[in-house]
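J.: Give me a model of this one.
(2 chains)
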Amino acid sequence: GESVGLHLPTLSVQEGDNSIINCAYSNSASDYFIWYKQESGKGPQFIIDIRSNMDKRQGQRVTVLLNKTVKHLSLQIAATQPGDSAVYFCAENTSGNTPLVFGKGTRLSVIA
Amino acid sequence: GAVVSQHPSWVICKSGTSVKIECRSLDFQATTMFWYRQFPKQSLMLMATSNEGSKATYEQGVEKDKFLINHASLTLSTLTVTSAHPEDSSFYICSAGPGASTDTQYFGPGTRLTVL
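T.: Numbering: from 1, shown residues only, chains lettered A, B, ... in the order given. Below is the predicted model:
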């Protein structure tokens, strides 16, 4: 079946460096994408979203890039901090309050 | 805004008992809420879609008689794990979005269920 997946299951970065977390999706009908951050024992926390009519969106220290041609989504975190250590999930759905389909997750470890 | 709460945050129960988990949207109304289950080091798995005033929609493989969902108001959905067994031990998380056709969903803090 169609699913959202990730290229890298783990990522270790030095504090202050930029982080890039990748995600591949296969449902061509998906038109809305979200990145979530999940810390141990907590629920997913919304980070940033992007719609299919955009290819880039920036937030505070984070940027999401969407390449619909190759069905690829990425999350860039600038100046990574120890507090960014968590598991990051990409998720996608079609518009209209439909269930999210989650990727497998990438664990980001920040080395101080 | 868009805060979702869950209660309890953790629960330990004996095998065979039932456990109720509440999911509340604190500052918005949600006609639809979603229930997920997450096992250690795994991603979230959708269990069911909770619809206010109507029956929940369950994903394939999820027993509706075991996981009872009630969405009696626009701010509250409950998940009851009936006759819980150790294999039901998991992290249960709900999500909701403001409005009837929103895409963005916000998650509760989760409920850790341990069945002895």
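
J.: The residue of chain B found nearest chain A: neighbouring residues, count only.
T.: Among all residues of chain B, B:F107 sits closest to chain A, at 3.9 Å; criterion: C-beta to the nearest C-beta. Backbone N, C-alpha and C define where each C-beta goes, glycine included. Neighbours of B:F107 under the rule other C-beta atoms under 10 Å in any protein chain shown: 23.

J.: cool, B:S25 as well?
T.: Neighbour tally, B:S25, other C-beta under 10 Å: 24.

J.: cool, the one 4 residues further on as well?
T.: Applying other C-beta under 10 Å, we find 13 residues neighbouring B:Q29.

J.: Quick one: classify it as helix, strand or coil.
T.: Assigned with DSSP: H, G, I helix; E, B strand; the rest coil, B:Q29 falls in the coil class.

J.: wait, B:S18 sits on B:V81?
T.: Yes - contact criterion C-beta atoms under 8 Å: B:S18 and B:V81 qualify, at 6.5 Å.

J.: For B:Y36, give the beta-bridge partners.
T.: On the basis of DSSP bridges, B:Y36 is bridged to B:L46, B:I93.

J.: Name the nearest residue to the residue in chain A that chain B sits nearest to, ignoring sequence neighbours.
T.: Closest to chain B within chain A is A:G43: 3.9 Å, counting by C-beta to the nearest C-beta. Of all residues not flanking A:G43 in the chain, B:F107 sits nearest, at 3.9 Å (C-beta to C-beta, 6 or more residues apart in numbering or on different chains).

J.: which residues touch that neighbour?
T.: A:Y36, A:G43, A:P44, A:Q45, A:F46, B:V4, B:I93, B:C94, B:S95 (C-beta atoms under 8 Å, 6 or more residues apart in numbering or on different chains).

J.: ditto for B:L116
T.: By C-beta under 8 Å, 6+ apart, the neighbours of B:L116 are B:I12, B:C13, B:K14, B:S15, B:P86.

J.: Emit the PyMOL select command for whichever of those residues are buried.
T.: To isolate the buried ones among the contacts of B:L116 in PyMOL, judged by 16 or more other C-beta atoms under 10 Å in any protein chain shown, type:
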select buried, chain B and resi 13
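
J.: on that earlier part again, can you tell me how far the residue of chain A closest to chain B sits from B:L44?
T.: Distance of A:G43 to B:L44, computed by C-beta to C-beta, to the nearest Å: 9 Å.

J.: Let me have the contacts of B:F107 in JSON lines, adding neighbour count, distance to B:D103 and secondary structure as columns.
T.: Output for the contacts of B:F107, formatted as JSON lines (neighbours: other C-beta atoms under 10 Å in any protein chain shown; distance: C-beta to C-beta, whole Å; DSSP: H, G, I helix; E, B strand; the rest coil):
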{"residue": "A:Y36", "neighbour count": "27", "distance to B:D103": "13", "secondary structure": "strand"}
{"residue": "A:G43", "neighbour count": "24", "distance to B:D103": "18", "secondary structure": "coil"}
{"residue": "A:P44", "neighbour count": "30", "distance to B:D103": "15", "secondary structure": "coil"}
{"residue": "A:Q45", "neighbour count": "14", "distance to B:D103": "17", "secondary structure": "strand"}
{"residue": "A:F46", "neighbour count": "16", "distance to B:D103": "11", "secondary structure": "strand"}
{"residue": "B:V4", "neighbour count": "24", "distance to B:D103": "16", "secondary structure": "strand"}
{"residue": "B:I93", "neighbour count": "26", "distance to B:D103": "18", "secondary structure": "strand"}
{"residue": "B:C94", "neighbour count": "31", "distance to B:D103": "17", "secondary structure": "strand"}
{"residue": "B:S95", "neighbour count": "27", "distance to B:D103": "12", "secondary structure": "strand"}
